[in-house]
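S.K.: sequence unknown, structure follows:
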């Protein structure tokens, strides 16, 4: 089939390569970011989860191309939308990118094409927002929802072997989406409605937010007891049923866990339902930068004028993604207390007009946020280390 995939980032690019190489489809990856398009045209990958060699194979097979326009949609049997759906300044769902993408797709869509939304949205968005925008052009189409399940840097689970949830607005859309995805994904699971699958996606990451926030409270408790929370978690995880290990840190980050629950709670407010656990988890998560700044103050005394280096500022280890990184709030808290804050991250390199600094023994304190595999801490010498991931 001819396929257009809108968005060639952490979600759209792995999907495009899998559909092209494994599925054998003729794929055009669309991205309005011309830098990404040029990188891909040079057969280089803009993300770590996809190797340059995979881009080369897909490119040379003539099954993968890229474009910064929506012309390919006019001939596509399947159009998949994988654009960001972040939060605005008020922590409410921001559908700006999604609405722009849908409008561009609508103006180029061919009759009978299948449109699939993979971006995270509130329940009802596929039916009440996307469908209504597509309807305006009066062209017959089918519409389905199939949320992305991408975990950057995960060596075990990827697009192909992670079970795929799918539901269509119509029975025909569901069948078409099922038949498309199963050409390159091992297991495709059908839902009874798009609203069920939209909510399932939000439940997945709300579950993670709540449990990570809870374990951060347990980490503080263990710190006061002067015991290692990681040992506590390991001991509890020996129970073969009824327990799932989660691990503490400086806060949750990335494109899913800090964002998706707010889509659920926003929709809950609209329909008069309660989300007290999510609201409390958000409060705990957002309090962590101030908490760790307080721990730093207890270690050093007054922070004014002290040289502090954060190690690993991406939102998780072994990625360079800075979206919603907890390091941002921690840096802000430390600087507001007068500390001179630097950071070291060999994958990020440059961020907010600042550059990664080398690790030396010249700092008053090092704070481990999300150090990457292979990060050598030995150059810190005797510098005190605060590990936000637990321990004592």
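M.R.: Right, received. Where do you want to start? As the structure is a prediction and not an experimental result, all values here were calculated from the model. Numbers count the residues shown, from 1 in each chain.
S.K.: tell me the helices in the chain, going along the chain?
M.R.: 12-21, 34-41, 52-60, 96-106, 125, 131-135, 171-181, 194-225, 229-236, 260-271, 276-300, 326-336 (DSSP state H).
S.K.: tell me how many other residues surround residue 197.
M.R.: 22 (other CB atoms under 10 Å). All C-beta spots, glycine's among them, are computed from the backbone N, C-alpha and C.
S.K.: report the contact partners of the spatially most central residue of the chain.
M.R.: Note on the chain: the residue nearest the mean C-alpha position is residue 255, at 2.9 Å, using CA atoms, centre = their mean. Applying CB atoms under 8 Å, 6 or more residues apart in numbering, we find residue 255 in contact with 10, 84, 86, 321, 323-324.
S.K.: and the residues you listed, which is closest to residue 263?
M.R.: Of all those, residue 263 sits closest to residue 86, with 10.2 Å by CB to CB.
S.K.: burial of the closest one, as a residue count?
M.R.: For residue 86, using other CB under 10 Å, the count is 16.
S.K.: chain neighbours aside, what residue packs nearest to it?
M.R.: residue 94 (5.2 Å; CB to CB, 6 or more residues apart in numbering).
S.K.: distance across stretch 343-351, terminal residue to terminal residue?
M.R.: Distance across stretch 343-351, first residue to last, is 10 Å (CA to CA, to the nearest Å).
S.K.: surely residue 285 touches residue 251?
M.R.: Yes: using CB atoms under 8 Å, residue 285 makes contact with residue 251 at a distance of 5.2 Å.
S.K.: tell me, what's touching the two both at once?
M.R.: The overlap between the contact sets of residue 285 and residue 251 (CB under 8 Å, 6+ apart) consists of 216, 258.
S.K.: neighbour count for these two, which is higher?
M.R.: residue 251 (28 against 24).
S.K.: quick one on the thing from earlier: measure the residue nearest to the centre of the chain to residue 86 for me?
M.R.: 8 Å (CB to CB, to the nearest Å).
S.K.: mutual contacts of those two, please.
M.R.: residue 323.
S.K.: still on that earlier bit, now pLDDT and distance to residue 365 too, for the contacts of residue 255, in JSON lines please.
M.R.: Shown next, in JSON lines, are those (pLDDT from 0 to 100; distance: CB to CB, whole Å):
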{"residue": "10", "pLDDT": "94", "distance to residue 365": "32"}
{"residue": "84", "pLDDT": "95", "distance to residue 365": "34"}
{"residue": "86", "pLDDT": "94", "distance to residue 365": "32"}
{"residue": "321", "pLDDT": "92", "distance to residue 365": "25"}
{"residue": "323", "pLDDT": "91", "distance to residue 365": "26"}
{"residue": "324", "pLDDT": "92", "distance to residue 365": "24"}
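S.K.: ok, so of the residues you listed, who is nearest residue 292?
M.R.: Nearest member of those to residue 292, counting by CB to CB, is residue 324, at 16.5 Å.
S.K.: look at residue 91 and report its pLDDT.
M.R.: At residue 91, the model reports a pLDDT of 86.
S.K.: that one: what's it in contact with?
M.R.: residue 262.
S.K.: and the gap between it and residue 135?
M.R.: 30 Å.
S.K.: what's the closest of the contacts of residue 255 to residue 107?
M.R.: Checking the contacts of residue 255 one by one against residue 107 (CB to CB), the nearest turns out to be residue 84, at 20.8 Å.
S.K.: can you tell me the closest non-neighbouring residue to the closest one?
M.R.: Closest to residue 84 by CB to CB, 6+ apart is residue 97, at 5.2 Å.
S.K.: just checking, that neighbour touches residue 81?
M.R.: No: assessed by CB under 8 Å, residue 97 is found out of contact with residue 81, at 9.5 Å.
S.K.: more neighbours, the two?
M.R.: More neighbours surround residue 81 than the other of residue 97 and residue 81, with 22 against 17 (other CB under 10 Å).
S.K.: please name the residues that touch the closest residue to residue 12 other than its chain neighbours.
M.R.: Take residue 12 and drop its neighbours on the chain: the residue closest to it by CB to CB, 6+ apart is residue 82, 3.7 Å away. Residues in contact with residue 82 (CB under 8 Å, 6+ apart) are 5-7, 9, 11-12, 15, 118-119, 148.
S.K.: next: residue 119.
M.R.: 7, 11, 81-85, 97-98, 147-148.
S.K.: where in this structure is pLDDT low?
M.R.: 392 (pLDDT under 70).
S.K.: ranges for the strands of the stretch 51-200 of the chain?
M.R.: Assigned strands in the stretch 51-200 of the chain, in chain order: 64-67, 78-81, 113-117, 141-145, 164-168, 188-190 (criterion: DSSP state E, counting those that start in this stretch).
S.K.: in terms of secondary structure, what does the last one contact?
M.R.: This points to strand 188-190. Strand 188-190 makes packing contacts with strand 164-168, helix 171-181 when contacts are defined by 3 or more CB pairs under 8 Å, 6 or more residues apart in numbering; DSSP states H and E.
S.K.: surely the residue nearest to residue 86 meets residue 88?
M.R.: Yes: in terms of CB under 8 Å, residue 94 counts as a neighbour of residue 88; the distance is 4.3 Å.
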